[in-house]
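Asker: sequence plus predicted model, see below.
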Amino acid sequence: MDEQQNPPINVNRWQLLRDVLVFQAKLLVDGLRDLLMSPASLIAVAVGLLTERDRPDRHYRRLIEMGARSERWINLFGQAPETDEPGIDELFRRLDDRIREQHDRGGVTKQARAAVDRALDSLQEQVANAQERRSARSDASDAAPGSPTLPPPPPAGEEPVEPPKS
């Protein structure tokens, strides 16, 4: 991706963590809904065929309408149009507000956030140091004339060939 045409967006790590947690929760709810809708649709069709002479699709159509409403309520990818009906996003907003209130009062969430920040900072530093060491080793082996080089790995399924001993 060309960074000049699409400059990177500076995302706060806490916003990213919140976003991924909300997305995972929505995926869970969406999956549970799908799990329930599959047998419910078969039952709705069976009941309609057995009990409804004039409109055998009545129960099935009601189930489809309910599925569409739940799709808007879950709003998995944030593309549902704004409506007067509160959705799952409203529940997450309320939860987010309560967590922020707890944090602002200096409660457990503030201490937990500080601990997670320290842990993430430490992990990021360790990863950066490991990348620097790996890069330095790679540069050193590329620059050292006469340094031994490893043969390429054998194709899948073939035994490796031992290099000749000096």
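Answerer: Okay, I see it.
Asker: what helix or strand does Glu82 sit in?
Answerer: Using DSSP states H and E, Glu82 falls within no helix or strand.
Asker: how close does Trp14 sit to Glu125?
Answerer: Distance of Trp14 to Glu125, given as C-beta to C-beta, to the nearest Å: 18 Å. C-betas here are computed from N, CA, C, even on glycine.
Asker: look at those two and report which has more neighbours.
Answerer: Remark: of Trp14 and Glu125, Trp14 carries more neighbours, 13 against 10, as counted by other C-beta atoms under 10 Å.
Asker: name the element the more buried one belongs to?
Answerer: Short version, using DSSP H and E: Trp14 is in helix 13-51.
Asker: and that helix, what's buried?
Answerer: Residues Val22, Lys26, Asp30, Arg33, Met37, Ala40, Ala44, Gly48 are the ones in helix 13-51 that count as buried (16 or more other C-beta atoms under 10 Å).
Asker: in JSON lines: those, plus pLDDT and distance to Arg58.
Answerer: Shown next, in JSON lines, are those (pLDDT from 0 to 100; distance: C-beta to C-beta, whole Å):
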{"residue": "Val22", "pLDDT": "94", "distance to Arg58": "36"}
{"residue": "Lys26", "pLDDT": "96", "distance to Arg58": "30"}
{"residue": "Asp30", "pLDDT": "96", "distance to Arg58": "26"}
{"residue": "Arg33", "pLDDT": "97", "distance to Arg58": "21"}
{"residue": "Met37", "pLDDT": "96", "distance to Arg58": "17"}
{"residue": "Ala40", "pLDDT": "97", "distance to Arg58": "14"}
{"residue": "Ala44", "pLDDT": "96", "distance to Arg58": "9"}
{"residue": "Gly48", "pLDDT": "95", "distance to Arg58": "6"}
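Asker: and those, which two are furthest apart?
Answerer: Of all pairs drawn from those, the greatest distance, 36.7 Å, lies between Val22 and Gly48 (C-beta to C-beta).
Asker: show me this protein divided up by domain.
Answerer: 11-82, 86-133 (automatic domain parsing).
Asker: out of those domains, name the one with the poorest average pLDDT.
Answerer: Of all the domains of the chain, domain 86-133 carries the lowest average pLDDT, namely a mean of 83.
Asker: got the end-to-end distance for that domain?
Answerer: Taking C-alpha to C-alpha, to the nearest Å as the measure, domain 86-133 stretches 52 Å from start to finish.
Asker: relative to Asp104, how far out is the most centrally placed residue in the chain?
Answerer: Geometric centre of the chain, nearest residue: Val20, 5.1 Å, by C-alpha atoms, centre = their mean. In this view, Val20 and Asp104 are 23 Å apart by C-beta to C-beta.
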